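J.: No letters, just coordinates:
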Ligand SMILES: [Zn+2]
Ligand SMILES: [Zn+2]
């Protein structure tokens with residue numbers, strides 16, 4: 001039986017349907033799992049994506065893109081292939097792509113997480129014969145604590161800094177991670193100030209119906225004392241520039257799954273590391289893969305050899321696709337800057353540096 005998805009130089013390709021999924025080179029027809037830059041590239045002739053991703057896609061790729069939206073669960077048939085999109089729980093509008101053709105069902109996950117997230121629709125397990133999974137955190141050492149605990153940590157750190165007259169600056173990716181953090185903040189502590197890159201995404205989230213606390217830009221702050229008690233969200237690129245200077249002697253933190261690696265936190269030079277990821281941890285990957293019922297699993301970006309070996313040992317037919325997906329760019333920077341070799345998580349270092357992100 002013909003494979004429904006194969007690798008091509010342009011990206012993952014569906015031969016009977018004649019379209020690509022998250023291609024990294026320009027193609028005529030692209031199904032986009034989500035709007036992170038490594039999955040949603042410019043230059044395709046036609047885009048198909050889940051309805052809630054429209055605002056982010058247009059803000060990043062231009063309002064003029066040829067974009068067709070599909071609600072979660074809605075089916076269309078193209079060249080005899082029935083396609084539907086199902087929530088991936090990763091960021092606003094993220095989707096798994098389900099393809100049915102000639103009695104076979106394939107699902108390509110894109111990026112996903114199974115932990116709850118107030119800013120996007122929860123991950124939905126989809127039964128299939130073949131499952132294409134990401135493996136960003138595909139090592140047994142990655143186990144996330146409940147979000148509520150992480151948010152409590154962030155709020156306590158912020159309240160302590162505010163009481164001491166210090167701003168609390170959290171560096172994170174502006175699409176997805178920033179809004180997830182916002183959803184967990186206690187807005188009663190002090191004002192929340194965001195970088196312009198974050199604010200424009202906040203507006204897209206709010207327009208899509210996601211509730212976020214009030215966020216101010218620096219130009220909205222009239223009382224200078226607010227700079228010394230604010231919680232500040234910005235991309236790491238803002239760290240070295242003049243924008244950050246107005247916050248004076250602040251405490252800083254980085255929010256990422258990579259913060260679970262002790263070496264990364266130490267060498268990153270941040271006062272705090274909050275372990276908060278938009279990707280599934282090891283138990284999350286195992287649960288998601290198991291829930292598909294797939295007998296064949298194809299692993300993409302992340303700890304590919306480790307996961308392929310493990311799944312093979314579990315009796316599944318497992319293999320790898322080489323892709324050009326990285327991780328969220330800021331998470332890449334942390335990983336590249338902090339090789340975790342020699343840390344207590346040395347086993348993790350090998351797997352983690354297999355990620356295309358580290359290349
Ligand atoms: Zn992503
Ligand atoms: Zn990815």
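T.: Cool, the structure landed. On a predicted model such as this, the values are computed, not experimentally measured, just so you know. Ligands and ions are numbered 1, 2, ... in the order given.
J.: need the residues of this protein near ligand 1, please.
T.: The chain comes close to ligand 1 at residues 36, 111, as judged by C-beta under 5 Å from the ion. All C-beta spots, glycine's among them, are computed from the backbone N, C-alpha and C.
J.: for the stretch 251-359 of the chain, what spans make up the helices?
T.: Listed in chain order, the helices of the stretch 251-359 of the chain (DSSP state H, counting those that start in this stretch) span 262-268, 282-292, 304-313, 329-337, 346-352.
J.: for the record, mean pLDDT for the last one?
T.: Pointing back at helix 346-352 there. Mean per-residue pLDDT for helix 346-352: 31.
J.: do the same with the first one
T.: Per-residue confidence for helix 262-268 averages out to 66 on the pLDDT scale.
J.: Could you do the longest one as well?
T.: The average pLDDT within helix 282-292 is 98.
J.: tally of neighbours for residue 42?
T.: Neighbour count of residue 42, defined by other C-beta atoms under 10 Å: 10.
J.: Can you spell out the domain ranges of this protein, please?
T.: Annotated domains of the chain cover 6-142+278-328+344-358, 147-274 [automatic domain parsing].
J.: Using CSV, please lay out the ones you listed together with distance to ligand 2.
T.: Putting the domains of the chain into CSV (distance: least, C-beta to the ion, whole Å) gives the following:
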stretch, distance to ligand 2
domain 6-142+278-328+344-358, 4
domain 147-274, 11
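J.: In the stretch 151-300 of the chain, where is pLDDT below threshold?
T.: The model of the stretch 151-300 of the chain has pLDDT under 70 over residues 264-267.
J.: Strands along that one, start to end?
T.: 168-171, 192-194, 231-234, 251-255, 272-274, 296-302 (DSSP state E, counting those that start in this stretch).
J.: Next, the angle from the longest one to helix 282-292.
T.: Between the axis of strand 296-302 and that of helix 282-292 there is an angle of 150 degrees, by axes from the mean of the first three to the mean of the last three C-alpha atoms, to 10 degrees.
J.: Mind listing the strands strand 296-302 pairs with, and their directions?
T.: Strand pairing for strand 296-302, using DSSP bridges, gives strand 130-135 (parallel), strand 317-320 (parallel).
J.: repeat for the third one
T.: Applying DSSP bridges, strand 231-234 is found paired with strand 168-171 (parallel), strand 192-194 (parallel).
J.: so how far is ligand 1 from residue 84?
T.: Look at residue 84 and ligand 1: by C-beta to the ion, to the nearest Å, they are 20 Å apart.
J.: helix, strand or coil for that residue?
T.: strand (DSSP: H, G, I helix; E, B strand; the rest coil).
J.: could I get the strands of the stretch 151-300 of the chain as CSV with mean neighbour count?
T.: Below are the strands of the stretch 151-300 of the chain laid out as CSV (neighbours: other C-beta atoms under 10 Å):
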stretch, mean neighbour count
strand 168-171, 26
strand 192-194, 24
strand 231-234, 26
strand 251-255, 23
strand 272-274, 19
strand 296-302, 24
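J.: for these, which one sits closest to residue 153?
T.: Among those, strand 272-274 comes nearest to residue 153, with 6.5 Å by C-beta to C-beta.
J.: Spatially central residue for the chain, please.
T.: Per C-alpha atoms, centre = their mean, the C-alpha nearest to the average position across the chain is that of residue 278, at 4.4 Å.
J.: which residues sit in contact with that one?
T.: By C-beta atoms under 8 Å, 6 or more residues apart in numbering, the contact set of residue 278 is 90, 91, 111, 113, 117, 176, 177, 180, 257, 328.
J.: neighbours around the fourth one, how many?
T.: For residue 113, the neighbour count with other C-beta under 10 Å is 28.
J.: Most proximal residue of the stretch 151-300 of the chain with respect to ligand 1?
T.: residue 278 (6.4 Å; C-beta to the ion).
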